[in-house]
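> Predicted model and sequence below, questions to follow.
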Amino acid sequence: ILGTRAKSLKTLAEFRLTNDQLLEVKKRMRTEIQNGLGKKTHDNATVKMWPTYVRSTPDGSEKGDFLALDLGGTNFRVLLVKIRSGKRRTVEMHNKIYAIPMEVMQGTGEELFDHIVQCISDFLDYMGMKNTRLPLGFTFSFPCRQTSLDAGILVTWTKGFKATDCEGEDVVGLLREGIKRREEFDLDVVAVVNDTVGTMMTCAYEEATCEVGLIAGTGSNACYMEEMRNIETVEGDVGRMCVNMEWGAFGDNGCLDDIRTEYDRAVDDLSLNPGKQRYEKMCSGMYLGEIVRNILIDLTKRGFLFRGQISETLKTRGIFETKFLSQIESDRLALLQVRSILQQLGLDSTCDDSIIVKEVCGTVSHRAAQLCGAGMAAVVDKIRENRGLDQMDITVGVDGTLYKLHPHFSGIMHQTVKELAPKCNVTFFLSEDGSGKGAALITAVGCRMREQEES
Ligand code: BGC
């Protein structure tokens with residue numbers, strides 16, 4: 001067995017990145033950030049650095065009742081968010097989770113938006129609020145080219161979505177049309193919000209030094225407050241604006257090819273969007289299990305695992321969800337329990353198999369956390385340089401299933417940022433429910449801005 005183990009470990013060696021490699025990833029991210037922000041380089045850039053029209057973090061004066069939609073994470077949710085300002089700031093939330101069946105995710109755009117509106121209808125019935133025209137914030141966690149707070153053209157679907165006739169369209173328009181088609185209730189769509197931005201705003205509501213948002217979940221992405229003078233794709237030089245980096249597309253020009261393995265390429269080739277979101281496919285929950293599965297298939301083929309038998313289960317895409325990886329890697333778990341998890345998944349393992357499987361999972365998620373940390377190190381150092389500081393304290397609001405559920409991801413990511421950006425003292429703040437609370441906060445600001453324009 002030692003021989004087998006040694007051989008399978010060799011396969012994993014490629015996944016272990018050196019400090020120099022990580023520094024190189026950080027440096028390349030910085031170059032891509034620059035390209036995304038530059039007027040001349042933006043069109044060909046991979047990391048798009050989309051402006052969000054969110055020009056400040058909350059100041060505590062936000063108030064009102066808002067509806068929020070959350071599309072693009074693990075679940076689809078509709079939320080009612082009540083924000084009270086003044087001495088006692090409170091945020092009260094009610095929400096319902098709805099399933100989006102695979103056929104709807106990958107059907108027509110009209111079916112998708114009809115389904116969304118159907119869920120809103122159900123929620124409004126449930127809350128008894130069909131007759132109020134509430135302002136709505138639409139957390140839509142996909143790359144959008146925004147021209148204002150309430151207009152966002154879907155550039156490309158990511159993660160598991162592939163509905164037709166949506167790419168190139170304004171998703172706020174699609175939502176409004178869906179609401180009209182139903183002729184049952186009316187809503188005032190005020191803002192389209194990326195989940196990273198919602199997360200940053202939620203965190204900033206509690207902690208004013210938060211100017212960065214990070215999602216490590218089904219997908220991977222970050223946003224931060226950039227100086228207007230550096231965002232060459234938007235008119236004006238005064239103040240700051242939050243940019244949705246869409247860093248998942250980092251590497252789509254081949255700049256990460258030297259660290260991508262044959263397993264990364266296999267996962268990419270079999271995905272819904274081959275060639276796209278290459279960095280995301282190395283660091284996010286939707287794909288880590290797939291990388292693991294591809295390695296296990298290879299090790300089995302080579303006779304190192306599962307007695308050389310590739311079961312139907314192992315051939316099934318998507319079996320290793322984040323929650324399973326998290327369980328398998330939990331330190332408190334005895335190997336026997338790892339075997340029982342594999343058993344639940346329909347994989348018969350020996351004790352030796354379970355050791356290898358655990359090792360594979362650990363290696364893949366370790367690299368994911370380090371890569372994510374390298375990206376974040378580039379971001380915080382950029383902010384520090386923007387401000388001309390030798391040393392800077394900053395807070396990052398984070399959410400996502402991988403960050404929350406995985407036993408080691410967060411720790412390794414934090415450590416990597418510390419090592420790669422030693423001049424920044426970064427505090428990570430778990431900021432749950434950005435897609436609800438954050439969207440409502442942004443909607444509140446949007447309503448206030450509109451009132452100011454009108455008066
Ligand atoms: C999307 C981003 C999103 C991230 C996290 C990515 O696939 O492109 O817009 O922020 O997932 O949900």
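That came in fine, so what should we check first?
> roughly how far apart are the residue nearest to A368 when sequence neighbours are not counted and the ligand?
Among residues not flanking A368 along the chain, C283 sits closest, at 4.4 Å (C-beta to C-beta, 6 or more residues apart in numbering). To be clear about C-beta, it is placed using only N, CA and C from the backbone, and glycine gets the same treatment. Between C283 and the ligand the computed distance is 11 Å (C-beta to the nearest ligand atom, to the nearest Å).
> can you check E312 too?
In terms of C-beta to the nearest ligand atom, E312 sits 29 Å off from the ligand.
> for G275, same thing?
G275 is 15 Å from the ligand, by C-beta to the nearest ligand atom.
> show me the contacts for whichever residue of the stretch 201-350 of the chain sits closest to the ligand.
Closest contact between the stretch 201-350 of the chain and the ligand, by C-beta to the nearest ligand atom, is at G219 (2.2 Å). Residues near G219 by C-beta atoms under 8 Å, 6 or more residues apart in numbering: G72, S141, T158, K159, G248, Q277, E280, S284, G285, M286.
> which stretches of the stretch 151-300 of the chain have low pLDDT?
Applying pLDDT under 70 to the stretch 151-300 of the chain flags no residue at all.
> Going by neighbour count, which residues in the lengthiest helix in the chain are buried?
Assignment by DSSP state H gives helix 351-386 as the longest helix of the chain. Residues 353-384, 386 are the ones in helix 351-386 that count as buried (16 or more other C-beta atoms under 10 Å).
> One more: stretch 43-57?
Residues A45, T46, V47, K48, M49, W50, P51, T52, Y53, V54, R55, T57 are the ones in stretch 43-57 that count as buried (16+ other C-beta under 10 Å).
> Report the two of those separated the most.
Largest separation among these by C-beta to C-beta: T46 and T57, giving 27.4 Å.
> tally of neighbours for K7?
Using other C-beta atoms under 10 Å, K7 has 13 other residues around it.
> residue ranges of the strands in this protein, please?
Along the chain, counting by DSSP state E, strands occupy 50-51, 64-71, 76-84, 90-98, 135-140, 144-148, 151-154, 188-193, 210-216, 220-227, 240-244, 392-399, 424-430.
> Let me have those in TSV, extended by distance to T199.
Below are the strands of the chain laid out as TSV (distance: least, C-beta to C-beta, whole Å):
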stretch	distance to T199
strand 50-51	16
strand 64-71	11
strand 76-84	14
strand 90-98	14
strand 135-140	10
strand 144-148	16
strand 151-154	17
strand 188-193	10
strand 210-216	4
strand 220-227	8
strand 240-244	11
strand 392-399	5
strand 424-430	9
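> Just tell me which of these ends up closest to I328.
Of all the strands of the chain, strand 210-216 comes closest under C-beta to C-beta, at 18.0 Å.
> Who are the contact partners of the closest residue to the ligand within the stretch 51-200 of the chain?
Using C-beta to the nearest ligand atom, the single residue of the stretch 51-200 of the chain nearest to the ligand is T158, 3.4 Å away. By C-beta under 8 Å, 6+ apart, the contact set of T158 is F142, P143, G219, G248, N273, K276, Q277, E280.
> Which phi and psi values does it adopt?
phi -140, psi -180 (degrees, to the nearest 10).
> follow-up on the earlier one: just give the number of residues close to the residue nearest to A368.
C283 is flanked by 27 other residues according to other C-beta under 10 Å.
> so how far is T139 from it?
In this view, C283 and T139 are 21 Å apart by C-beta to C-beta, to the nearest Å.
> and G289, how many neighbours does it have?
G289 has 22 nearby residues by other C-beta under 10 Å.
> Repeat that for the one 4 residues further on.
With neighbours defined by other C-beta under 10 Å, the count for R293 comes to 22.
> can you check V91 too?
V91, neighbours per other C-beta under 10 Å, totals 16.
> chain center to stretch 433-444, what's the gap?
16 Å (C-alpha atoms, centre = their mean, to the nearest Å).
> Give the rounded mean pLDDT of that stretch.
If you average the pLDDT over stretch 433-444, you get 92.
> sorry, back to before: filter the contacts of T158 down to the buried ones.
F142, P143, G219, G248, K276, Q277, E280.
> What distance do you get for the residue of the stretch 201-350 of the chain closest to the ligand to G173?
Counting by C-beta to C-beta, the gap from G219 to G173 is 23 Å.
> Name the nearest residue to K418, sequence neighbours excluded.
V426 (7.3 Å).
> same question, K276
D252 (5.9 Å).
> show me what contacts that neighbour?
Applying C-beta under 8 Å, 6+ apart, the residues near D252 are T46, G275, K276, Q277, R278.
> rerun at 6 Å
T46, K276, R278 (C-beta atoms under 6 Å, 6 or more residues apart in numbering).
> mind listing which of those residues are in helices?
Checked against DSSP H, the contacts of D252 include nothing in helices.
> Looking at those, which is nearest D122?
The shortest approach to D122 among the contacts of D252 belongs to K276, at 33.5 Å (C-beta to C-beta).
> so what pLDDT did T132 get?
With respect to pLDDT, T132 scores 90.
> quick one: it from D186, how far?
9 Å.
> Would you mind naming what in the protein lies close to the ligand?
Residues of the chain lying near the ligand by C-beta under 6 Å from any ligand atom: 72-73, 141-143, 158-159, 194-196, 215, 217, 219, 221, 246, 248, 280.
> contacting residues around the nearest residue to T416 once chain neighbours are set aside?
Among residues not flanking T416 along the chain, G373 sits closest, at 2.8 Å (C-beta to C-beta, 6+ apart). By C-beta under 6 Å, 6+ apart, the contact set of G373 is M413, T416, V417.
> Looking at these, which one is closest to the ligand?
Nearest to the ligand out of the contacts of G373 is M413 (C-beta to the nearest ligand atom; 15.0 Å).
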